[in-house]
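# predicted structure and sequence below. I'll ask about it afterward.
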Amino acid sequence: MLADVLRYLCCPLCESELADVGGALRCAVGHSYDIARQGYVNMLCGARAPGTADTPEMVRARAEFLAAGHYAPLAERVAATARAAGSQVEGCVLDLGAGTGYHLARVLGQLPRHVGVALDISKHAARRAARAHPRIGAVVADTWRRLPVRANSAALAVNIFAPRRAAEIHRVLRPDGCLLVVTPSPRHLAEIVAPLGLLQVDEAKERRMSDQFAGAFTLEARQECEYGFAPTPEDVRRLVGMGPSAWHSSAEEIRARLEKTVLPPAVTASFVLSLYRPRR
């Protein structure tokens, strides 16, 4: 567990400070959270809903797809936006639903004075996030519940294709901090959604997100990031296997659909980046 991250964490049960007691983080009350040998700390409290944590197969597919560089333009845009918005603000960079730490690592590359806290409900993802960058501390936690992060401690919160709880993000952000949310647009993967039976992006997604943050946050800026890329059949298999559609289709079903599908020469990647400031 990265020592520089510890001062930004707190006990999710009682909000007390935590101390590294060798192999675990412990608060004064006695709540204890094990540090895995892979470097992440498990602070997940209570039972989680089934089908919410990425499986080893989903995490592997994500890591392999991202390593191919297909989402590199998005990662560069996220990092540049983070640098412009948060470089002068003290505090940590909090990635809510960090996955393998791919995007957080690139953000930290643009913010050399900051450390990152990677939160994800999947321990398999946290294992990879813990070694994605030397300034990342990885924590297994449920972003729908109380975050194991101290109030007013985050300079920047990043949320990319992941669940979010507005009240908790507001609590942990500094008054001068900001929240960067990335969502897929309805045009995302348009060429392969229908033939492969993938889940479609709801046209009302942006409106619902605005409603979710109304009252606690002010939308400062919104931009689109859209480009084409040419995936191989194996890339598409990984793309489907790493996302929400993987919960509804087996690997065998995905392969069968791919065998019957002629892939287009290019597939559209389309994202919306929304920058919010907390209201106080």
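Structure received.
# so who does residue 217 touch?
Taking C-beta atoms under 8 Å, 6 or more residues apart in numbering, we find residue 217 in contact with 166, 170, 179, 276, 277, 278, 279. Placement of C-beta: from N, CA and C, glycine included.
# low-confidence ranges in the stretch 51-200 of the chain?
51 (pLDDT under 70).
# list just the nearest of the contacts of residue 217 to residue 187.
residue 276 (22.7 Å; C-beta to C-beta).
# which stretches in the protein count as strands?
Listed in chain order, the strands of the chain (DSSP state E) span residues 18-20, 24-27, 32-34, 41-42, 92-96, 116-120, 136-140, 154-160, 173-184, 217-229, 267-278.
# winner for burial among the ones you listed?
Highest mean neighbour count among the strands of the chain (mean count of other C-beta atoms under 10 Å): strand 116-120, with a mean of 29.
# helices or strands next to it in the packing?
strand 92-96, helix 102-110, helix 123-129, strand 136-140 (3 or more C-beta pairs under 8 Å, 6 or more residues apart in numbering; DSSP states H and E).
# ok, the closest residue to residue 255 other than its chain neighbours - how many residues close by?
Nearest residue to residue 255, sequence neighbours excluded (C-beta to C-beta, 6 or more residues apart in numbering): residue 237, at 6.7 Å. Residues contacting residue 237 under the criterion other C-beta atoms under 10 Å number 20.
# which pLDDT value goes with residue 237?
In the prediction, the pLDDT value recorded for residue 237 is 87.
# close enough to count as contact, it and residue 257?
No: the criterion here is C-beta atoms under 8 Å, and residue 237 misses it with residue 257 at 9.7 Å.
# isn't residue 173 up against residue 157?
Yes: using C-beta under 8 Å, residue 173 is in contact with residue 157, at 5.8 Å.
# now for the two: what residues contact both?
Contact criterion C-beta under 8 Å, 6+ apart; residues shared by residue 173 and residue 157: residue 179.
# any idea how far residue 127 is from residue 175?
With distances taken as C-beta to C-beta, to the nearest Å, residue 175 is found 34 Å from residue 127.
# same question, residue 11
23 Å.
# from the chain's centroid, how far away is the longest helix seen in the chain?
Of all the elements of type helix in the chain, the one with the most residues (DSSP state H) is helix 72-86. Here the centre of helix 72-86 is set off from its chain's centre by 14 Å, with C-alpha atoms, centre = their mean, to the nearest Å.
# and what of stretch 130-150?
That offset, for stretch 130-150, works out to 10 Å (C-alpha atoms, centre = their mean).
# residue contacts, residue 243?
By C-beta under 8 Å, 6+ apart, the neighbours of residue 243 are 161, 198, 199.
# just confirm the last one contacts residue 189, I think it does.
No: counting by C-beta under 8 Å, residue 199 does not reach residue 189; the two are 10.0 Å apart.
# who's the spatially closest residue to residue 136 that is not a sequence neighbour bridged to?
Sequence neighbours aside, residue 116 is the residue nearest to residue 136 in space, at 4.5 Å (criterion: C-beta to C-beta, 6+ apart). Beta-bridge partners for residue 116, by DSSP bridges, are residue 93, residue 136.
# right, and residue 116 touches residue 91 too?
No: contact criterion C-beta under 8 Å: residue 116 and residue 91 do not qualify, at 11.0 Å.
# do you know how far residue 107 is from residue 101?
Taking C-beta to C-beta, one finds residue 107 at 10 Å from residue 101.
# having no further points to raise, I will conclude here.
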